[in-house]
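Chemist: Would you be able to build a 3D model of this:
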Amino acid sequence: MHAMGPFIGQGGSAGLEDAVVLARSLSSAAAGDGRAPPRQQLRDDAVGAAIDEYVAERRRRATTLCLHSFAIGTLLTTRWLAVKLACVAVLALLGGDSRRDADYDCGRL
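Modeler: Model prediction:
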């Protein structure tokens, strides 16, 4: 769902967060209504709904992390003043609290 540069040190954490949220979504789909045997419960529609739930939950966080990382990477590598100013503006809009990214809690598995 996302690719990000190494500029904010959140790639591995985001991958682990993704795993937790996806496992939680698939687990809910597998639980179903409890009447069918477990192997029959994970039908295509239940798995599709679980993935849609995962994407909906992760989209905002992943987009913010990717944009933050891209802006910092571009700021560090570009020579164009206008591009640097645009990156600074994006970073200002995203906020300067790096602990917010590090302290994020994706919930329990």
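Chemist: So what does G5 have for phi and psi?
Modeler: When read as degrees, to the nearest 10, the backbone of G5 gives phi -70, psi 170.
Chemist: That one reaches L75, doesn't it?
Modeler: No - under the criterion of Cβ atoms under 8 Å, G5 is not in contact with L75, lying 11.3 Å apart. Where C-beta positions appear, they are placed from N, C-alpha and C, glycine not excepted.
Chemist: Tell me how far S28 lies from A50.
Modeler: Applying Cβ to Cβ, to the nearest Å, the value for S28 to A50 is 7 Å.
Chemist: The two - which one has more neighbours?
Modeler: A direct count of neighbours by other Cβ atoms under 10 Å for S28 and A50 places A50 higher, at 20 against 13.
Chemist: Next up, identify which helix or strand that one is on.
Modeler: A50 belongs to helix 44-77 when assigned by DSSP states H and E.
Chemist: what helices or strands is that helix leaning on?
Modeler: Contact partners of helix 44-77 among helices and strands, from 3 or more Cβ pairs under 8 Å, 6 or more residues apart in numbering; DSSP states H and E: helix 11-31, helix 81-94.
Chemist: Now for the residue nearest to A3 when sequence neighbours are not counted: which residues touch it?
Modeler: Nearest residue to A3 in three dimensions, chain neighbours excluded: C66, at 7.2 Å (Cβ to Cβ, 6 or more residues apart in numbering). Residues in contact with C66 (Cβ atoms under 8 Å, 6 or more residues apart in numbering) are 2-4.
Chemist: go on, P6?
Modeler: Residues in contact with P6, defined by Cβ under 8 Å, 6+ apart, are S69.
Chemist: Now do the phi/psi pair for it.
Modeler: Note on P6: its backbone torsions stand at phi -90, psi 20 [degrees, to the nearest 10].
Chemist: separation between it and I72?
Modeler: According to Cβ to Cβ, P6 and I72 sit 10 Å apart.
Chemist: Same question for L109.
Modeler: In this view, L109 and I72 are 30 Å apart by Cβ to Cβ.
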